[in-house]
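**Q** Generate a structure from the sequence data that follows.
(2 chains)
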Amino acid sequence: MRMQDESTRRQFIGLAGGAAVMGTIPIVTLRGAEATPATLAAAIRNVVGTAEVQTGKVKLDVPPLVENGNTVPMTVSVSSPMTSDDHVRSIHVFNEKNPQPNIGNFYLGPRAGRAQVSARIRLADSQKIVAIAHLSDGTFWSASADVVVTLAACTEEVI
Amino acid sequence: MASALINVPAHAKRGEVIEIKTLMSHIMEPGYRHTADGKIVPRDIITSFTCRYNGAEIFRADLFPAIAANPFITFFTVASESGKFDFEWIGDNGFSETASASISVE
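**A** Coordinates of the predicted model:
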């Protein structure tokens, strides 16, 4: 069969490329929405209320440089004896620039034995991560870490 | 069909702090991505994870779209008695999965 004109080759490549992508995952486009320092502050206020958040006791482990923001290992540990009188009630993790400021809330108790939680998270941009621990005496302690992300998650662009 | 991977030590000494590792296969679609024709891919995530030790809740987590696909969560507990750990994941679109693991404590 004879091709009609020179644009056929371009169409073919476009179709083939489109088909290849559609076969795997939907094509996605960049979206402007992101959490701002203000929404981060609001999300933290939602958890801590009017209580003061002090720095210390909490250790937030994330790699400082991340190649793929789609899966970033994160560990939060809190120095606490984890007794019924003195333990960590919950750990809350926030971010600055994902579309939503929350990452996760983890509820422990004295039966945890060790106040440490790990998960894999997504980061849409290079940004600051904040972990806040709520202790049984009602105080809040925090730690933060800056992460540089080369490939963003959540809001990938069309290739 | 969703599937879970659970790592709990089979044996432990009484009072020992043990690590529990859990992984649930799930797409965790964040709900912020668009298809080529501009439609938002609807959110489909696990929103809640609970672990019970012989019926008593020892760990719970609220998950958000910022949790990576196939949520891998690890935490600790004190091995107090022989018995069973029950794990439960609940999510969007009626997602609900359970798994369990047993431990013998000397």
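
**Q** so what's the backbone phi/psi at A:L40?
**A** Note on A:L40: backbone dihedrals following degrees, to the nearest 10 are phi -60, psi -50.

**Q** That one: neighbouring residues, count only.
**A** 20 (other C-beta atoms under 10 Å in any protein chain shown). Placement of C-beta: from N, CA and C, glycine included.

**Q** wait, it sits on A:I129?
**A** No: using C-beta atoms under 8 Å as the test, A:L40 is too far from A:I129 to be in contact (10.1 Å).

**Q** Touching both of those two, which residues are there?
**A** A:94-96 (C-beta atoms under 8 Å, 6 or more residues apart in numbering or on different chains).

**Q** Could you pick out the residues of chain B near chain A for me?
**A** Those residues of chain B that sit near chain A, judged by C-beta under 8 Å from any C-beta of the partner chain, are B:17-18, B:30, B:32-36, B:38, B:41, B:53, B:56, B:58-69, B:71-78, B:80.

**Q** Now, those residues that are in strands?
**A** When DSSP state E defines the strands, the subset of these inside them is B:17-18, B:53, B:56, B:58-63, B:72-78.

**Q** Of these, keep whichever come out buried.
**A** B:18, B:53, B:58-63, B:72-73, B:75-78 (16 or more other C-beta atoms under 10 Å in any protein chain shown).

**Q** can you pick the most crowded of the shared contacts of A:L40 and A:I129?
**A** Within the shared contacts of A:L40 and A:I129, most neighbours by other C-beta under 10 Å means A:F94, with 28 neighbours.

**Q** Spatially nearest residue to that one, not counting backbone neighbours?
**A** Nearest residue to A:F94, sequence neighbours excluded (C-beta to C-beta, 6 or more residues apart in numbering or on different chains): A:V130, at 4.6 Å.

**Q** what residues are up against the one you found?
**A** A:40, A:44, A:60, A:93-96, A:142-144.

**Q** repeat for B:F75
**A** Contacts for B:F75 (C-beta under 8 Å, 6+ apart) come out as A:106, A:108, A:112, A:116-118, B:19-20, B:51, B:59.

**Q** Can you say which of those are buried?
**A** For those, buried by 16+ other C-beta under 10 Å: A:106, A:108, A:112, A:116-118, B:20, B:51, B:59.

**Q** which phi and psi does the residue located most distally from the centre of chain B have?
**A** Within chain B, the residue lying farthest from the chain centre (C-alpha atoms, centre = their mean) is B:D37, at 34.2 Å. Here is the backbone geometry of B:D37 (degrees, to the nearest 10): phi -90, psi 20.

**Q** how about the helices in chain A?
**A** Taking DSSP state H, the helices of chain A run over residues A:7-24, A:37-48.

**Q** returning to what we had before: distance of the residue farthest from the centre of chain B from B:P30?
**A** From B:D37 across to B:P30, the span is 19 Å (C-beta to C-beta, to the nearest Å).

**Q** for chain A, what's the longest strand?
**A** Looking across chain A with DSSP E, the single longest strand is strand A:140-151.

**Q** Adjacent strands (with direction) for that strand?
**A** Using DSSP bridges, strand A:140-151 pairs in its sheet with strand A:53-55 (parallel), strand A:65-68 (parallel), strand A:127-135 (antiparallel).

**Q** Buried residues, that strand. List them.
**A** For strand A:140-151, burial by neighbour count (16+ other C-beta under 10 Å) applies to A:140-143, A:145, A:147, A:149.

**Q** still on that earlier bit, let's have the contacts of B:F75 in CSV, adding distance to B:A10 and pLDDT.
**A** Below are the contacts of B:F75 laid out as CSV (distance: C-beta to C-beta, whole Å; pLDDT from 0 to 100):
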residue, distance to B:A10, pLDDT
A:F106, 25, 97
A:L108, 23, 94
A:A112, 20, 95
A:Q116, 22, 97
A:V117, 23, 97
A:S118, 21, 97
B:E19, 13, 97
B:I20, 12, 97
B:C51, 17, 97
B:F59, 19, 97
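
**Q** any idea which of the residues you listed is closest to A:T75?
**A** Among the contacts of B:F75, A:S118 lies closest to A:T75 (C-beta to C-beta), at 4.4 Å.
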